[in-house]
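[1] Have a look at this prediction, sequence included:
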Amino acid sequence: MTVTSAAIPVRPAHRFDEARLAAWMAHAVPGYVGPLKVEQFQGGASNPTFLLTAGDGHRYVLRKKPPGQLLSSAHQVDREYRAMKALHGHIPVPVMRALCEDPEVIGVTFYVMDYLEGRIFRDATLPGLAPAERAAIYDDLNATLAKLHGVDFAAVGLGDYGRPGNYFERQVARWTRQYKDAESEAIPAMDALIAELPARIPADQSVSLAHGDYRLENVMYHPTEPRIIAVLDWELSTIGHPLADIGYNAFIWRSHSPGWGSLDGVDFAASGIPTEEAYVAAYCRRTGRAGIDDWAFYMAFGIFRLASISQGVYRRVLAGNAASDGREGVNGAAALAEQSLAILRAG
């Protein structure tokens, strides 16, 4: 458990012209007062994120694309900004202040939002908390996802945020392409998934806003209460399929990676943390579903997508452009692909 992420001096690979940023803030962010102090948040392997402290003590968060050559359709911070701005008042999100797509300012697209003080739980087992609080934390994670999937995306101005229908056909093709673009070695299980997933796509054509990376570490809770005050990391959001989100969200019960999140070893009866079955059943109740057919597909697809993302992160590590501190020296795509394939074939 942490209270937000620790801020450190900006890493050399992610430095930019802070004076230009300050000048842009002065005209783009109402109420901004200089001078500006810039620090970088630790962690994260996708879009570098920074803490901005203004001269009057007001704090903002800047999120930008990483440096270097990027994969197609990756690191779309402009989409993050648009989604959170549209969902304000409907889903807990930070207040968006400004988006900058002018490369002359800091070299890449970025946005600025208000800083929020709260808790981000890095350890999914929630050590040190009472069972009742653990139960409430997971229940609000579940309830907030169900609420997101009930948002009328056209009414909030996101009617053109993606293409409704055939979501999994397009997603399997997208993550296959991203994997191939970043491929550094042969992974037989990925090749098998690429061949087998298209034929296993379920008939369910539900449409909703989909967050794309919905998990415990990507939401912020109130400093003392077990309720979400911000859903973060909307880079992969789109008009998509709600069952892609719940399948990915529920991977925490199958994950064996403490770095991503894992519930290995948890005593569900005593801890207050629900089982995978209970968590999915609660989501179904909230969204009016009798159950989820083809659950193995949704779980396998989420892990396949993680494997593709992992391959992209590994390629950036090799190139020296990863947003984190470079400890991801091992390519995790192979283990994820093998797990995904086993689940798909068992289901």
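    Everything's here; your move.

[2] and the residue nearest to Ala337 when sequence neighbours are not counted, what does it touch?
    Excluding the flanking residues, the one nearest Ala337 by CB to CB, 6 or more residues apart in numbering is Ala189, at 3.7 Å. Just so you know, the C-beta spots here come from the backbone N, C-alpha and C atoms, and that holds for glycine as well. With contact taken as CB atoms under 8 Å, 6 or more residues apart in numbering, Ala189 is in contact with Ala334, Ala337, Glu338, Ser340, Leu341.

[3] What are the boundaries of the helices in the chain?
    Using DSSP state H, the helices of the chain run over 18-28, 77-87, 103-106, 131-149, 167-182, 188-196, 242-249, 268-271, 276-287, 295-319, 333-346.

[4] Tell me which of the ones you listed sits most buried.
    helix 242-249 (a mean of 25; mean count of other CB atoms under 10 Å).

[5] Name the residues that touch that helix?
    Contact with helix 242-249 is made by 141, 145, 148-149, 167-168, 171, 204, 206, 208, 210-215, 280, 283, 287, 292, 295, 297-299, 301-302, 305-306, as judged by CB under 8 Å, 6+ apart.

[6] swap the cut-off to 7 Å and go again
    Helix 242-249 has contacts (CB atoms under 7 Å, 6 or more residues apart in numbering) with 145, 149, 167, 204, 206, 208, 210-211, 214-215, 280, 283, 287, 292, 298-299, 301-302.

[7] Same check on stretch 88-99?
    Residues outside stretch 88-99 that contact it (CB under 7 Å, 6+ apart) are 28-29, 60, 78, 81, 84-85, 87, 111-114, 116, 144, 147-148, 151, 156, 228-231.

[8] And that stretch, what's buried?
    Within stretch 88-99, the residues that qualify as buried are His90, Ile91, Pro92, Val93, Pro94, Met96, Arg97, Ala98, Leu99, counting by 16 or more other CB atoms under 10 Å.

[9] repeat for stretch 195-210
    Buried, per 16+ other CB under 10 Å, within stretch 195-210: Leu197, Arg200, Ile201, Pro202, Asp204, Ser206, Val207, Ser208, Leu209, Ala210.

[10] just to revisit the earlier point, would you convert the buried residues of stretch 88-99 into JSON lines that also reports distance to Thr176?
    Conversion of the buried residues of stretch 88-99 to JSON lines gives the following (distance: CB to CB, whole Å):
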{"residue": "His90", "distance to Thr176": "33"}
{"residue": "Ile91", "distance to Thr176": "30"}
{"residue": "Pro92", "distance to Thr176": "33"}
{"residue": "Val93", "distance to Thr176": "31"}
{"residue": "Pro94", "distance to Thr176": "33"}
{"residue": "Met96", "distance to Thr176": "33"}
{"residue": "Arg97", "distance to Thr176": "37"}
{"residue": "Ala98", "distance to Thr176": "35"}
{"residue": "Leu99", "distance to Thr176": "30"}
